[in-house]
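Participant: Here is my input, please return the structure:
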Amino acid sequence: PETTPPTTVAAATSDSPEQILGDARAELEQLQTEQLEEWVDDDEDDDGIAVRAEAAVVKFGKAADAIFDRVEERLREHQASSSSSSILERLVPHVQSLFMNQLDILRDSCGRAYERILETATKEEEKSEAAR
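Facilitator: Numbers count the residues shown, from 1 in each chain. Here you go, the predicted structure:
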């Protein structure tokens, strides 16, 4: 499901750079929560997990880009060009953390799918050997 950014993103020009940074961090926390909720149910077939994995990567990239775009726009409105790069640099570790978290979730989900494939293949092989 598409998510809408928090209402804090619609900025007033009186926002300080620190407020803008705080709002962006809140959006990133919301993105992290959504990522975790999205991967709670991984009992689907293995092809479904691959499709979800690809969709999750695309969704994450779009969401992170949108957050950075909103921060840049708000900083321009605030005329905080001198602090723009430092604010954006301060967001990078949060985005990197989310990205690493997403990779861990994908790795775990795909690993469980691979284990199910191996278990199924082993069971089928055991059945065919028993039938001989």
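Participant: Can you give me the distance of Ser109 to Ala55?
Facilitator: Distance of Ser109 to Ala55, computed by CB to CB, to the nearest Å: 12 Å. The C-beta positions use only the backbone N, C-alpha and C, and glycine is treated the same way.
Participant: which helices and strands sit right next to the least confident helix or strand in the chain by mean pLDDT?
Facilitator: The weakest-scoring helix or strand in the chain, judged by mean pLDDT, DSSP states H and E, is helix 46-78 (a mean of 80). Contact here means 3 or more CB pairs under 8 Å, 6 or more residues apart in numbering; DSSP states H and E; on that basis helix 46-78 packs against helix 17-38, helix 81-131.
Participant: Now do the last one and helix 46-78, the angle between them.
Facilitator: In this case it means helix 81-131. 180 degrees (axes from the mean of the first three to the mean of the last three CA atoms, to 10 degrees).
Participant: on contacts alone, who are the packing partners of helix 81-131?
Facilitator: Checking 3+ CB pairs under 8 Å, 6+ apart, helix 81-131 ends up next to helix 17-38, helix 46-78.
Participant: What of the shortest one?
Facilitator: Counting contacts by 3+ CB pairs under 8 Å, 6+ apart, the secondary-structure elements packed against helix 17-38 are helix 46-78, helix 81-131.
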